[in-house]
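>>> What follows is a predicted protein model with its sequence.
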Amino acid sequence: DQQVKQNSPSLSVQEGRISILNCDYTNSMFDYFLWYKKYPAEGPTFLISISSIKDKNEDGRFTVFLNKSAKHLSLHIVPSQPGDSAVYFCAAMGQTGANNLFFGTGTRLTVIP
Amino acid sequence: EAGVAQSPRYKIIEKRQSVAFWCNPISGHATLYWYQQILGQGPKLLIQFQNNGVVDDSQLPKDRFSAERLKGVDSTLKIQPAKLEDSAVYLCASSPGHNYGYTFGSGTRLTVV
């Protein structure tokens, strides 16, 4: 039962253009959403997050948008840089005592110089 | 601050053998997680500790997997006996609390042959 879904396994973008990574979720109890970036042979690193009380959060080149009614969030990277090439995981956390993260399957972003 | 330390980085064992992984979380982080990431999938929670108590181990295959966090600091995850399908990266993460992004270690890549 995949509660967080990333339907695009890969994405290629030209350097300087916008990268848009999408994520859908099914559990309406999720109240906190995060994006992680993962390079090969390393653990995922936290990138940006958003609470369900907001619809947008921005941090430099990275912006996350949340559409609660559609149970959809997206990560925008502008402008994309070759160093952004990595696997991006969407994750969600719910209002439970466990506070564990549910991850999507990841999207591999390749930024072409 | 020092990150989450994990060892070993790589391990190759034969099926039916046993293996143990070690994790030292960020100092002061009360919550510790073990995740399993199978190739091509997102990380999946195995067990969550709050200090030295188990909060959630519902996804841990308890017939072969065990974990402990003595003294509420470092933790070990053991598999005995290992199966071929246990081949994965085992990630340890720690967090100071709810609605905070986790910090992941680099993981241990286990190959069962």
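Perfect, thanks for sending it. Keep in mind that what you see is a predicted model, and the values were worked out from it rather than measured.

>>> So which residues on chain A come close to chain B?
Proximity of chain A to chain B, by CB under 8 Å from any CB of the partner chain, involves residues A:4, A:6, A:32, A:34, A:36, A:41-46, A:49, A:51, A:89, A:91, A:93, A:97-106. The C-beta positions use only the backbone N, C-alpha and C, and glycine is treated the same way.

>>> Give me the buried entries from the residues you listed.
A:4, A:6, A:32, A:34, A:36, A:43-44, A:46, A:49, A:89, A:91, A:93, A:98-106 (16 or more other CB atoms under 10 Å in any protein chain shown).

>>> just to revisit the earlier point, now, the residues of chain A next to chain B that are in strands?
When DSSP state E is applied, the residues of chain A next to chain B are split such that A:4, A:32, A:34, A:36, A:45-46, A:49, A:51, A:89, A:91, A:93, A:101-103 fall in strands.

>>> I'd like these as TSV, with pLDDT appended.
As requested, those are arranged in TSV below (pLDDT from 0 to 100):
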residue	pLDDT
A:4	95
A:32	89
A:34	93
A:36	95
A:45	92
A:46	91
A:49	92
A:51	90
A:89	96
A:91	94
A:93	87
A:101	87
A:102	91
A:103	94
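
>>> of those residues, closest to residue B:5?
Each of those was scored against residue B:5 by CB to CB, and residue A:45 proved nearest at 15.2 Å.

>>> any idea how far that closest one lies from residue A:38?
From residue A:45 across to residue A:38, the span is 7 Å (CB to CB, to the nearest Å).

>>> and if you look at residue A:1?
For residue A:1, the distance to residue A:38 - CB to CB - is 23 Å.

>>> Below-threshold pLDDT in the chain: ranges please.
If you meant another chain, say so; for now it's chain A. Chain A contains residues with pLDDT under 70 at A:95-98.

>>> oops, I was thinking of chain B
Per-residue confidence for chain B (pLDDT under 70) gives these ranges: B:1, B:98-100.

>>> any idea which residue sits dead centre in it?
What sits nearest the mean C-alpha location of chain B, by CA atoms, centre = their mean, is residue B:34, with 3.0 Å.

>>> how about that residue, secondary structure?
Assigned by DSSP: H, G, I helix; E, B strand; the rest coil, the conformation of residue B:34 is strand.

>>> Any idea what residue B:45 is bridged to?
Counting by DSSP bridges, residue B:45 forms beta bridges with residue B:35.

>>> pretty sure it is in contact with residue B:31, am I right?
No. Taking contacts as CB atoms under 8 Å, residue B:45 lies outside contact range of residue B:31: 11.7 Å.

>>> Check the gap between residue B:3 and residue A:101 for me.
Distance from residue B:3 to residue A:101, by CB to CB: 18 Å.

>>> Quick check: residues of chain B near chain A?
Contact residues (CB under 8 Å from any CB) of chain B with chain A: B:4, B:6, B:31, B:33, B:40-45, B:48, B:55-56, B:91, B:93, B:95, B:97-99, B:101-107.

>>> now those residues: which count as buried?
B:4, B:6, B:31, B:33, B:42-45, B:48, B:55-56, B:91, B:93, B:95, B:101-107.

>>> Distance to residue A:67 added to the ones in strands among the residues of chain A next to chain B, as CSV?
CSV is the format used below for these (distance: CB to CB, whole Å):
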residue, distance to residue A:67
A:4, 15
A:32, 15
A:34, 16
A:36, 20
A:45, 25
A:46, 22
A:49, 16
A:51, 14
A:89, 19
A:91, 17
A:93, 18
A:101, 20
A:102, 18
A:103, 20
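
>>> Please identify which pair of those lies farthest apart.
A:45 and A:51 (19.9 Å).
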